[in-house]
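Here is the input, now give the coordinates:
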Amino acid sequence: MTWKTIFNPFQKYDEKYILIVGIIFFIFNIFGCYYSGNVNDSILKHTTSPRSKI
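Okay, here's the model as predicted:
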């Protein structure tokens, strides 16, 4: 893996493949936050929901 792959993955991978992987991780994030009792406030901020039992 080179720096070009990290900063510009569209040169190596197809756009449809990257879109499908992104949608799959988005769905996993929704279910992961729901079952762990977290709230996804933004891209980099996850907080514990007031309704969680933790």
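
Flag the shaky bits of this protein, pLDDT-wise.
1, 45-46, 49-54 (pLDDT under 70).

Which parts of it are helices?
With helices called from DSSP state H, the chain shows them at 3-7, 15-36.

Please identify the deepest-packed of those helices.
Most buried of those by mean neighbour count (mean count of other C-beta atoms under 10 Å) is helix 15-36; its value is a mean of 11. C-betas here are computed from N, CA, C, even on glycine.

I'd like the C-alpha coordinates of that one written as CSV, please.
Extracted C-alpha coordinates of helix 15-36, given in CSV (Å, rounded to 0.1, in the frame of the first residue of the first chain):
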residue,chain,number,x,y,z
GLU,A,15,-15.9,4.1,-7.6
LYS,A,16,-18.8,1.6,-7.2
TYR,A,17,-16.7,-0.6,-5.0
ILE,A,18,-15.8,2.3,-2.7
LEU,A,19,-19.4,3.4,-2.6
ILE,A,20,-20.7,-0.1,-1.6
VAL,A,21,-18.0,-0.4,1.1
GLY,A,22,-19.0,3.0,2.4
ILE,A,23,-22.7,2.2,2.5
ILE,A,24,-22.0,-1.1,4.3
PHE,A,25,-19.9,0.6,7.0
PHE,A,26,-22.6,3.3,7.3
ILE,A,27,-25.2,0.6,8.0
PHE,A,28,-22.9,-1.1,10.5
ASN,A,29,-22.4,2.2,12.3
ILE,A,30,-26.1,2.8,12.7
PHE,A,31,-26.7,-0.7,14.2
GLY,A,32,-23.6,-0.5,16.3
CYS,A,33,-24.6,2.8,17.8
TYR,A,34,-28.1,1.6,18.4
TYR,A,35,-27.2,-1.6,20.2
SER,A,36,-24.4,0.0,22.2
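
name the helices or strands packed onto that helix?
Applying 3 or more C-beta pairs under 8 Å, 6 or more residues apart in numbering; DSSP states H and E, we find helix 15-36 packed against strand 38-40.

Mind listing what's buried along the strand it packs on?
Along strand 38-40, these residues count as buried under the neighbour rule (16 or more other C-beta atoms under 10 Å): Asn38.

Kindly reformat the helices of the chain as a markdown table containing distance to Ile43.
Below are those laid out as a markdown table (distance: least, C-beta to C-beta, whole Å):
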| stretch | distance to Ile43 |
| --- | --- |
| helix 3-7 | 18 |
| helix 15-36 | 10 |
